[in-house]
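S.K.: could you work out the structure for the sequence below:
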Amino acid sequence: MEPFESVDAAWAALEAQRGLSEGEAVDFWEHALQTAEALERSGADDELVAAGLLHDLGDGRVSDAAHAPWAAALVRPLFGDRVAWLVEQHAEAKRYLCATEPSYWQGLSPVSQQTLVHQGGLMTADEVARFRGHPWAEDALRLRRADDAGKRADYRVPQPERFRVLLARVAAG
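M.R.: Residues are numbered from 1 along each chain as shown. Here you go, the predicted structure:
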């Protein structure tokens with residue numbers, strides 16, 4: 001897959017994830033929508049919501065270890081550096097939270113616990129300090145928590161097309 005040149009291409013990549021899952025309660029499409037909606041409800045800005053929508057484009061397409069940087073490379077040209085960094089760091093945020101909040105691990109889904117190992121395991125003290133020092137670290141943690149919440153089998157996001165409109169705003173940005 002080539003880096004996105006249009007919102008239509010990004011939206012098509014999201015829609016192509018309908019029905020695909022690696023064992024979570026929802027498919028990648030619904031997970032993306034639920035993650036974006038959780039961020040939207042929390043008052044996140046459009047770029048953070050877009051990152052939530054696009055964060056798992058690599059799932060089902062590349063390895064667990066590569067999925068975040070792969071997706072970031074897809075989104076960077078169209079959606080910019082901040083969205084790409086947040087997409088790239090959502091797995092790092094999980095590593096950070098598991099290293100700094102011992103109870104966080106218990107709240108992860110079994111699939112997310114398994115993928116942590118492939119994504120590098122717990123951060124070292126140096127990695128924690130480096131991550132924490134980034135100006136967008138708090139946003140990455142917000143995305144991570146929305147990611148964890150976006151796995152409800154009993155819920156379907158209404159009016160998903162609103163997120164296509166949001167992607168257009170970010171791309172025009």
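S.K.: which secondary structure element of this structure has the lowest mean pLDDT?
M.R.: helix 110-118 (a mean of 85; mean pLDDT, DSSP states H and E).
S.K.: who are the packing partners of that one?
M.R.: Counting contacts by 3 or more C-beta pairs under 8 Å, 6 or more residues apart in numbering; DSSP states H and E, helix 110-118 packs against helix 67-100. All C-beta atoms are positioned from the backbone trio N, CA, C, and that covers glycine.
S.K.: in contact with residue 83, which residues are there?
M.R.: Listed by C-beta atoms under 8 Å, 6 or more residues apart in numbering, the contact set of residue 83 reads 47, 50, 51, 54, 75, 76, 170.
S.K.: could you measure from it over to residue 166?
M.R.: 11 Å (C-beta to C-beta, to the nearest Å).
S.K.: what's the residue nearest the centre of the chain in contact with, if anything?
M.R.: By C-alpha atoms, centre = their mean, the chain has its centre lying nearest to residue 55, at 2.7 Å. For residue 55, the contact set (C-beta under 8 Å, 6+ apart) comprises 32, 35, 68, 71, 86, 87, 90, 143, 147.
S.K.: lowest-confidence member of the residues you listed, which is it?
M.R.: Among those, residue 68 has the lowest pLDDT, at 90.
S.K.: can you show me the helices along this protein?
M.R.: Here the chain has its helices, by DSSP state H, at 7-15, 28-41, 46-54, 67-100, 104-107, 110-118, 125-132, 137-149, 161-172.
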